[in-house]
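Engineer: quick one: sequence and predicted model below, then my questions.
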Amino acid sequence: MSEYAFYFYTPEHISRLDNVLADTDLIVEARVDAWAIAFRDLIRNGDGESYPFNNALPAHFKVSDLCKFANGTKDGYAFIVRDTIFGNEWLFIFSGYDSSGNSPSSNYFVVPGYTTSYTHFQNCGAAADNTGYNSSSGWGLNVLYNPDYATDTFDMQFDDATELTYVGGDFGSSTALPANNSTKATAFLPSTDYPRGITMVQGGSTNVNGSDLFLSFDDTEGVLDIYMTEGASKEPDLICKMGEILDPDDVADTYTQGTMWVETTTSNPASEAGDPDDSEGFVDCFSSAGARLYNLNLVFKKTLTQENDKTVGLKFKWYPVEVSSGGTMKGHLKGNIGREATAYNAREFYLQLFAENPLAPVVTFIKITDSMMIKYPTGVPPFPFTFPTKK
């Protein structure tokens, strides 16, 4: 069991090509379809290169056929990645071709729940809230986590519900999509206690070079990591973890599933070590009674300095990251998910990799904000990076 990482561009460059070449609608739709297949295929089949990333997921993961659906003139795609050993799954849903002249289509029109999606999604590039996702600009990636697919799953209407395939292959359909109101969203989404999903919206026409996207499936922890840059930035902008990320303080609390997100962009990168926007980061999860908890905070001590950040054995000291808000205490991030470590606000540690045990680097962490480091795939360079066959 291990971590499996994948690196891809988001499809903003398709829109740029569309504008420059003035391609016919048929050619543009085919290009967007091809991007959707390539995105799914990278996770299903790998790229055939010898990197420590972009390798096909092992057989205990099931990567579904693509579902294609339309909301008026705007297409969307969806597929599932399921871990049959851990018993969990992730739904990927994103916008596609728009026959009214915008390609890719705006994310807003494919998100389950549409204007009432506060129950289901948080826009990671905006201040935390639970009032609904209602932005109409930019291509977007939306991901939902389901902790127990055996109890209930997304209503993708596969012909083979075990292999997650359609008789005709990719671009099968589900009558449950688009789930563009609260009633249809409730019918499409599982009945399990899933936390809110994440929406990562690319910045529309301003990002001419497209953003970079990095995924990592961890079948030891049961967690998916998602990283996205802002356009061609050399630093990550949005970072999320979705899955079994929590260590509740209440020993009777069995709700360990959650969604953590942080916008890591800093206004002064020369002097701040990833001082995040919109607070230190947030978590959506459940109370010990099973009630939804929105936008709990990541809370840090911020007391580590260059002088006291290491033990006598030169290993980095670390603190567990508290997850709470006001009088609501959930607990902490699991130690192998996130830690407060290294000197606070020390630029030299930002986006650096650290082994839990330098003599046996099995578990690797990356420092993503002025306070926190999170688990990261061992053997993979810090995101974003370049390589010869990057798509």
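Structural biologist: Yes, it's here.

Engineer: contacts and neighbour counts: CA atoms only from here.
Structural biologist: Fine.

Engineer: what residue in the chain is the furthest from its centre?
Structural biologist: Most distant residue from the mean C-alpha position of the chain: residue 312, 36.9 Å away (CA atoms, centre = their mean).

Engineer: now it: which helix or strand?
Structural biologist: For residue 312, there is no enclosing helix or strand under DSSP states H and E.

Engineer: from now on call the first residue 43
Structural biologist: Will do, 43 is the new start, and the previous item becomes residue 354.

Engineer: so what's it up against?
Structural biologist: Applying CA atoms under 8 Å, 6 or more residues apart in numbering to residue 354 gives no contacts.

Engineer: what pLDDT is listed against it?
Structural biologist: Looking at residue 354, its pLDDT is 73.

Engineer: and the helices in the chain, which stretches?
Structural biologist: Assigned by DSSP state H, the helices in the chain fall at 54-63, 67-87, 224-230.

Engineer: hey, what's the spatially closest residue to residue 380 that is not a sequence neighbour bridged with?
Structural biologist: Using CA to CA, 6 or more residues apart in numbering and skipping residues adjacent in sequence, the residue nearest residue 380 is residue 416, 4.2 Å away. Here residue 416 sits in beta bridges with residue 380, residue 408, going by DSSP bridges.

Engineer: any idea which of the helices of the chain scores lowest on pLDDT?
Structural biologist: Mean pLDDT is lowest for helix 54-63 out of the helices of the chain, coming in at a mean of 48.

Engineer: shouldn't residue 183 be in contact with residue 138?
Structural biologist: No. Counting by CA atoms under 8 Å, residue 183 does not reach residue 138; the two are 10.6 Å apart.

Engineer: the two: which is more packed in?
Structural biologist: More crowded of residue 183 and residue 138, by other CA atoms under 10 Å: residue 138, with 29 against 21.

Engineer: quick one: the most centrally placed residue in the chain from residue 72, how far?
Structural biologist: Ranked by distance to the mean C-alpha position of the chain (CA atoms, centre = their mean), the top residue is residue 268 at 3.2 Å. Residue 268 is 27 Å from residue 72, where distance means CA to CA, to the nearest Å.

Engineer: likewise residue 81?
Structural biologist: The span separating residue 81 from residue 72 equals 14 Å under the rule CA to CA.

Engineer: ok, those two, which is more surrounded?
Structural biologist: Between residue 81 and residue 72, counting by other CA under 10 Å, residue 81 is the more crowded of the two (19 against 12).

Engineer: just give the nearest non-adjacent residue to that one, would you?
Structural biologist: residue 50 (7.3 Å).

Engineer: what sits opposite that neighbour in the beta ladder?
Structural biologist: Under DSSP bridges, the beta-bridge partners of residue 50 are residue 255.

Engineer: once you drop chain neighbours, what's closest to residue 263?
Structural biologist: Spatial nearest neighbour of residue 263, excluding adjacent residues (CA to CA, 6+ apart): residue 286 at 6.6 Å.

Engineer: hmm, I typed the wrong one, I wanted residue 406.
Structural biologist: That would be residue 397: by CA to CA, 6+ apart, it lies 4.5 Å from residue 406.

Engineer: residues in contact with stretch 81-89?
Structural biologist: By CA under 8 Å, 6+ apart, stretch 81-89 touches 48, 50, 96-99, 105, 108, 121.

Engineer: which of those ranks first by neighbour count?
Structural biologist: Compared across those, residue 108 has the highest neighbour count, 27 neighbours, by other CA under 10 Å.

Engineer: quick check: it touching residue 123?
Structural biologist: No. Distance between residue 108 and residue 123: 11.0 Å, which falls outside the contact criterion (CA under 8 Å).

Engineer: hmm, back to that, check what pLDDT the residue nearest to residue 406 gets.
Structural biologist: Listed pLDDT for residue 397 reads 83.

Engineer: stretch 85-104: end-to-end distance?
Structural biologist: In stretch 85-104, first residue to last residue: 10 Å (CA to CA).

Engineer: in it, what's buried?
Structural biologist: Using 16 or more other CA atoms under 10 Å as the burial criterion, the residues of stretch 85-104 that qualify are 85-86, 88-89, 95-99, 103-104.
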